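Student: What would the 3D arrangement of this be:
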Amino acid sequence: MSVRTTGRGPSEVRNTRQRRVIAEALTSLEDFISTQDLHALLRERGESVSLATTYRILQSMSELGELDVLRSDDGEAIYRRCSAEHHHHHLVCRRCGAAVELEAPAVEEWAGRTAAAHGFTEVDHTVEITGVCAACSAQDRE
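Tutor: Numbers count the residues shown, from 1 in each chain. Modelled structure (predicted):
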């Protein structure tokens, strides 16, 4: 994952009205959401935040570690505020987007060993497990 340096630290990020609106909207959601879907939700709520500003703020929040970012099946970035404040992974439903936060110490150990065996340092990783949740599977059986 590449991180763009903005020259601002977390304490230097301007807490604009648009940033607060986006943060509040994300806090009210349980599942991951795309930038365009979030922008549409904000418009439905009567908030005037441009799509470009929504993209920029989500990118900034992601770089600061305020959001988790996954890639959808079509490669689009999707975002969610997570309750866990430490590194974790997700089990994500391909149909409805429901997500479960996972602790995976065995994955952490494996990633560290694998990186070290190849001489890599400053390693980061993302593990996404996708499937169909119980609720969506039950709908299929009906």
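Student: where along the protein do the helices fall?
Tutor: Secondary structure of the chain, counting by DSSP state H: helices at 17-28, 35-44, 51-63, 105-117, 134-141.
Student: Select, out of those, the one closest to S72.
Tutor: Judged by Cβ to Cβ, the one of those that comes nearest to S72 is helix 35-44, at 10.6 Å. To be clear about C-beta, it is placed using only N, CA and C from the backbone, and glycine gets the same treatment.
Student: For that closest one, buried residues please.
Tutor: Across helix 35-44, burial judged by 16 or more other Cβ atoms under 10 Å covers T35, L38, H39, L41, L42.
Student: Pull out the CA atoms of that helix and give them to me as CSV.
Tutor: The C-alpha coordinates for helix 35-44 follow below in CSV (Å, rounded to 0.1, in the frame of the first residue of the first chain):
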residue,chain,number,x,y,z
THR,A,35,-16.8,7.3,-2.3
GLN,A,36,-19.6,7.7,-4.8
ASP,A,37,-22.1,6.0,-2.6
LEU,A,38,-21.0,8.1,0.4
HIS,A,39,-21.3,11.2,-1.7
ALA,A,40,-24.9,10.2,-2.7
LEU,A,41,-25.8,9.6,0.9
LEU,A,42,-24.5,13.0,1.9
ARG,A,43,-26.6,14.6,-0.9
GLU,A,44,-29.7,12.7,0.3
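Student: what angle sits between that helix and helix 51-63?
Tutor: 120 degrees (axes from the mean of the first three to the mean of the last three Cα atoms, to 10 degrees).
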